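A.B. asks: structure here, sequence nowhere to be found:
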């Protein structure tokens, strides 16, 4: 098929997710009918961060649509770290009927995620960022993969690209997206370059201009310019920053879509698929245990 390079093909998470949703529904129904198990997940949230609340609502809506029981634990922003830890330990216990837990980030400033995540049962870590979970990924024995990184890989696969030998630039190196994505792409034998706050912008631009795939996950609106994109590249924008009441991505979408072959919109790209990947991890967590 001949593609007009002036009109990149949109990688819309909702459309890709329709197929994923059907697969999940079939698996969940099988677990209910054949194994007599109702899948349950819990979301623990402290405070009222707008982006966290948006994500929490999306999780609840998705879970309910799939027939998954969703339990909210909403703590006040002034709640103690000990109170949050108590909730985490309660759900982590083997006797708990909850198979998956997400600790909604960001947490209030007086809570240290480094103290809290190690107390979560890694076999219930459906966001995939427990130290043990990430360790399995490093050792090429992944059980639960960070949901956003998994969504990015799903969208890259949607293009039909064989990652072997391709050059991929990842802008951002968080534990939730950038670092696990580098490991996943390495498994596919792609050549990866990770840019971070220590990478001069001129070098970042040069790396992007030669890349077959650019994944922007720095949380800095408009960081990746349109003229940084190679003709025919795949652009995955993970950024979701609120700017003037709207959600903005890390990529200059209008400029980038004139050169890319495939590009994700913001909103509507990675986000909708990430929530489904959480549900996919919930099934994986149940199977693991």
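C.D. replies: Thanks, I have the structure now. Note that the structure is a prediction, hence the values are computed from the model and not measured.

A.B. asks: residues near residue 115, how many?
C.D. replies: 12 (other Cβ atoms under 10 Å). Where you see a C-beta, it was placed from the backbone N, CA and C, and this is true even at glycine.

A.B. asks: for the helix or strand containing it, buried residues please.
C.D. replies: Element membership for residue 115, per DSSP states H and E: helix 113-116. Neighbour counts over helix 113-116 (16 or more other Cβ atoms under 10 Å) mark residue 116 as buried.

A.B. asks: check stretch 90-99 too.
C.D. replies: 91-92, 98-99.

A.B. asks: what about those, which are in strands?
C.D. replies: Applying DSSP state E to the buried residues of stretch 90-99, no entry is found in strands.

A.B. asks: narrow those residues to those in helices?
C.D. replies: Among the buried residues of stretch 90-99, the ones falling in helices (DSSP state H) are 91-92.

A.B. asks: tell me which two of the buried residues of stretch 90-99 sit farthest apart.
C.D. replies: 92 and 99 (11.2 Å; Cβ to Cβ).

A.B. asks: overlap in contacts, those two.
C.D. replies: residue 124 (Cβ atoms under 8 Å, 6 or more residues apart in numbering).

A.B. asks: packing partners for the helix holding residue 115?
C.D. replies: helix 81-92 (3 or more Cβ pairs under 8 Å, 6 or more residues apart in numbering; DSSP states H and E).

A.B. asks: got the buried residues for the helix it packs on?
C.D. replies: 84, 87-88, 91-92.

A.B. asks: related to what we said a few turns ago, average pLDDT across the helix or strand following the helix holding residue 115?
C.D. replies: From helix 113-116 onward toward the C-terminus, using DSSP H and E, the following helix or strand is helix 131-138. Helix 131-138 carries an average pLDDT of 92.

A.B. asks: got it, and stretch 149-166?
C.D. replies: Stretch 149-166 shows a mean pLDDT of 97.

A.B. asks: now stretch 113-124
C.D. replies: On average, stretch 113-124 scores 94.

A.B. asks: measure that stretch end to end?
C.D. replies: End-to-end distance of stretch 113-124 (Cα to Cα, to the nearest Å): 16 Å.

A.B. asks: residues in contact with it?
C.D. replies: 81, 84-85, 88-89, 91-94, 98-101, 103, 105, 107, 125, 129-133, 143-144, 285, 288-289.

A.B. asks: still on that earlier bit, same list (the buried residues of helix 81-92) but as a markdown table, adding pLDDT and distance to residue 216.
C.D. replies: Shown next, in a markdown table, are the buried residues of helix 81-92 (pLDDT from 0 to 100; distance: Cβ to Cβ, whole Å):
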| residue | pLDDT | distance to residue 216 |
| --- | --- | --- |
| 84 | 97 | 31 |
| 87 | 96 | 34 |
| 88 | 97 | 32 |
| 91 | 96 | 33 |
| 92 | 95 | 34 |
